[in-house]
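A.B. asks: okay, sequence plus prediction incoming.
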Amino acid sequence: MGSNDREYFKVYNQNDSLAVDIYKIKKKSGDTSSLMYRRVFDQNRTKEISLFGLNDDDRFYVSPDAASKIKLRIIG
């Protein structure tokens, strides 16, 4: 997941699953309220998630309590 635009990636627990939200970062204001993508990954079905920060100033936030059997890769 990821694009060439500025994005804010947020990873957190949701019950027994891992949730990923991706927000667009507005160029002038830095506002991150525009949700582009949201998905909840079931650890019984998903083995790995890869997040790609491409070409720009992306930000990543992984909640300290985000514990899962899913392997998380952050590239960028």
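C.D. replies: Everything's here; your move.
A.B. asks: name the element the residue nearest the centre of the chain belongs to?
C.D. replies: What sits nearest the mean C-alpha location of the chain, by CA atoms, centre = their mean, is Phe9, with 3.4 Å. Phe9 belongs to strand 7-14 when assigned by DSSP states H and E.
A.B. asks: now do that strand, average pLDDT.
C.D. replies: Summarised as a single mean, pLDDT over strand 7-14 is 94.
A.B. asks: could you do stretch 35-42 as well?
C.D. replies: Regarding stretch 35-42, the rounded mean pLDDT is 95.
A.B. asks: list the strands paired with the strand holding Phe9, with their directions.
C.D. replies: For strand 7-14, the paired strands and their directions (DSSP bridges) are strand 17-24 (antiparallel), strand 59-62 (parallel).
A.B. asks: just say helix, strand or coil for the closest residue in space to Asn13 that isn't next to it in sequence.
C.D. replies: Closest residue to Asn13 apart from its sequence neighbours, by CB to CB, 6 or more residues apart in numbering: Ala66 at 5.3 Å. For the C-beta atoms, the positions are set from N, CA and C on the backbone; glycine is no exception. On the three-state scheme (DSSP: H, G, I helix; E, B strand; the rest coil), Ala66 is labelled coil.
A.B. asks: chain center to stretch 52-59, what's the gap?
C.D. replies: Relative to the centre of its chain, stretch 52-59 is centred 11 Å away, using CA atoms, centre = their mean, to the nearest Å.
A.B. asks: distance of Lys47 relative to Ile70?
C.D. replies: 7 Å (CB to CB, to the nearest Å).
A.B. asks: compare these two (neighbour count), which wins?
C.D. replies: More neighbours surround Ile70 than the other of Lys47 and Ile70, with 18 against 10 (other CB atoms under 10 Å).
A.B. asks: what sits against that one?
C.D. replies: Neighbouring residues of Ile70 by CB atoms under 8 Å, 6 or more residues apart in numbering: Leu18, Phe41, Gln43, Thr46, Lys47, Glu48, Ile49.
A.B. asks: again, but for Leu51
C.D. replies: Contacts of Leu51 (CB under 8 Å, 6+ apart): Met1, Gly2, Phe9, Val11, Val20, Phe60, Leu72, Arg73, Ile74, Ile75, Gly76.
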